[in-house]
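[1] I'll drop the sequence and a predicted model, then ask my questions.
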Amino acid sequence: FKQFYAWAYDAPGFFPWNATQAAVQRVSTDYVEPFITYGFLANQRLEWGDILGVAVGVRSDFSSAFGSGNKAQTFPRGDAYINIGSFNFWRKGSISNVISDWKIRASYGEAGIQPGAFQRFATLSSSIIVPNNLFRYNITNPNPDLSVEVNKEKEIGTDIGYKLFKGKFLKNANFSISYWERSTDNAIYSVDAAPSSGVGGRLDNAFGLASQGVQASLNLSMLTTKNFSWDFTTNYSKGNSEISYVKGPPVILISSAGSVGITLTQGMRIGQIFGFKMMQALDEVNPQTGKPFLSTADQALHEVANGWVVNKTTKQAVALPGQYPLGDPNPKFNMSFINNFRIKDFVTINMQWDWIYGNKLYNQTKQWMYRDGIHSDYGRPITINGETRAFTAFYRSMYAGGAANGTKNYFMEDGSFWRLRNLSFSFNLLKIYRWKAVRQLELILSSRNAITFTKYSGMDPEVSSSTVNSAFDRGLDHNTVPNTRTFRAGLNIGF
């Protein structure tokens, strides 16, 4: 791998010119990463018509990144299926009049992510302290014992086709369901190093991940006539991912946006957000002591207002000591509902609703507006100790409680939503008037994200300011640009 960047300025007064003719020239990056890898891949598939099939394979790789003394890494894979609906006894039996097809399938595979070219070896970087050059160790230390990160996945599922009724309504249906498990061992990550080491972090096979879930889909031919058809599809998915083990103490992370705390702790869900708990009951127990945080005498000085414990005198909310898991940004399930309608080959209507349920979303946009005193809540009255006013102290304490800018359960919200994802109408105008020179004339009206039902107080529950495609950093709304609501009109003409 090679990377080279150069730039120049103070160009000459003539044209054309190149960088060598500029008055000032600089090379900003000149990087070469030597890397050698080799191995073999073998796959074999055996099939008996469309009745059954088996495939096996193996891949073995060796890499210069593995370091001295390391052996080749080998990863097997395989899949198999049996189509029971293709056997003669099934096709000729009466059961085929109800269940037309039945297929059972399973698969297993492994893959690896190797360390970077120099993640096992000590490397030096150059710097300049005028007028001298120097070499220094990098902030993250390499690890000569770093192993390959290994991912494993297995899945089993079935596909079933049904013949329902002989009339025009619900003629047939197709159902598919899959159960899957995935695991990651020896995940490569930079963990905190001891201060005495003089470096910020050290690469290690820090933790393992485990996931399992279910995916299902149902397709129905709802109604079919000469002039009208209606097809319906629903998809369902549910998954659970957690940290299976952590090598050493929990791994502390900070979101790429804002200051939301994330901790990788064994047994916890992936993406679990940690922070301070603002009290919601006078007799709430301090998890660190197992006893009520407020004594009986102190409870008399406080009350619950708007669902939160506040001091009657200062009007400030109360935070429990320590930090705790506040919410899971992963939904309990996802569903989509898709309808397709056709009317006399003239109108085609497509509609998709999405339902995301059970996830938590941290509204840091709201938190930082509390910090600056510009959120509309500051003008909302609240009754404390018999007095109803818009108490600035109450809203300010929600930002400052526990620690200023710290993550709080007050700003953790339900991110569930229903959304009309797509809606489109297509009109075949040639059914109204035919032109000899035109073979296609289609008017299309469509919208995306037209309607959303949610309890989330932010601009959009389907946003994230976190690291893109991160397994851990998710469920944070930090001044995020919401999904756009679009409406379009188009005309397709074919000659």
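    Looks like it arrived, so ask away.
[2] Surely Ser197 touches Asn141?
    Yes: counting by Cβ atoms under 8 Å, Ser197 does reach Asn141; the two are 7.1 Å apart. Heads up, the C-betas are built off the backbone N, CA and C, glycines and all.
[3] Among those two, which residue is more densely surrounded?
    A direct count of neighbours by other Cβ atoms under 10 Å for Ser197 and Asn141 places Asn141 higher, at 19 against 12.
[4] residue contacts, the more buried one?
    With contact taken as Cβ atoms under 8 Å, 6 or more residues apart in numbering, Asn141 is in contact with 122, 193, 197, 199, 201-203.
[5] Narrow those residues to those that are buried.
    193, 199, 202-203 (16 or more other Cβ atoms under 10 Å).
[6] Show me the residues you listed that map onto strands.
    202-203 (DSSP state E).
[7] Mind picking the lowest-pLDDT entry from the buried ones among the contacts of Asn141?
    Ranked by pLDDT, those bottom out at Val199 (75).
[8] how much space between the residue nearest to that residue when sequence neighbours are not counted and Gly198?
    Leaving aside its chain neighbours, Val199 sits nearest to Asn141 (4.6 Å; criterion: Cβ to Cβ, 6 or more residues apart in numbering). The gap separating Asn141 from Gly198 is 9 Å, by Cβ to Cβ, to the nearest Å.
[9] same thing with Phe495?
    73 Å.
[10] got it, and Arg439?
    Distance from Arg439 to Gly198, by Cβ to Cβ: 74 Å.
[11] And Asp145, by the same measure?
    20 Å.
[12] Next: Lys171.
    In terms of Cβ to Cβ, Lys171 sits 73 Å off from Gly198.
[13] Can you pull out the low-pLDDT segments for the protein?
    The model of the chain has pLDDT under 70 over residues 67-70, 254-261, 465-471.
[14] so who does Gly78 touch?
    54-57, 107-109.
[15] Report the buried members of these.
    107-109.
[16] before we move on, the earlier item: closest to Gly402 out of the contacts of Asn141?
    Gly402 has its nearest neighbour among these in Gly201, at 26.4 Å by Cβ to Cβ.
[17] For that closest one, which residues are in contact?
    Counting by Cβ under 8 Å, 6+ apart, Gly201 has contacts 139-141, 190-193.
[18] Repeat the analysis, applying 10 Å as the threshold.
    By Cβ atoms under 10 Å, 6 or more residues apart in numbering, the residues touching Gly201 are 138-141, 189-193.
[19] Most neighbours out of these, which is it?
    Ranking these using other Cβ under 10 Å puts Val191 first, with 21 neighbours.
[20] That one and Val199 touch, don't they?
    No: Val191 is beyond contact range of Val199, at 11.3 Å (criterion: Cβ atoms under 10 Å).
[21] so the closest residue to Trp435 other than its chain neighbours bridges to which residues?
    Spatially, and ignoring its direct neighbours in sequence, Trp435 is nearest to Leu441 (7.2 Å; Cβ to Cβ, 6+ apart). Bridge pairing for Leu441 (DSSP bridges) gives the partners Ile493.
[22] ok, how many other residues are close to Leu441?
    Neighbour number of Leu441 under other Cβ under 10 Å is 18.
[23] I'd assumed Ser426 was in contact with it.
    No: counting by Cβ under 10 Å, Leu441 stays clear of Ser426, with 11.4 Å between them.
[24] Show me the common contact partners of the two, please.
    By Cβ under 10 Å, 6+ apart, the residues touching both Leu441 and Ser426 are Asn492.
[25] Can you give me the neighbour number for the nearest residue to Pro321 once chain neighbours are set aside?
    By the measure of Cβ to Cβ, 6+ apart, the closest residue to Pro321 outside its immediate chain neighbours is Gln288, 6.2 Å from it. The tally of other residues near Gln288 (other Cβ under 10 Å) stands at 11.
[26] Secondary structure class of Gln288, three-state.
    coil (DSSP: H, G, I helix; E, B strand; the rest coil).
[27] i'd like the first residue to be 288 from this point on
    Got it, first residue is 288 now, which makes that one Gln575.
[28] quick one: buried residues of stretch 697-710?
    Quick answer for stretch 697-710 (16+ other Cβ under 10 Å): 697-710.
[29] For Asn696, grab the count of nearby residues.
    24.
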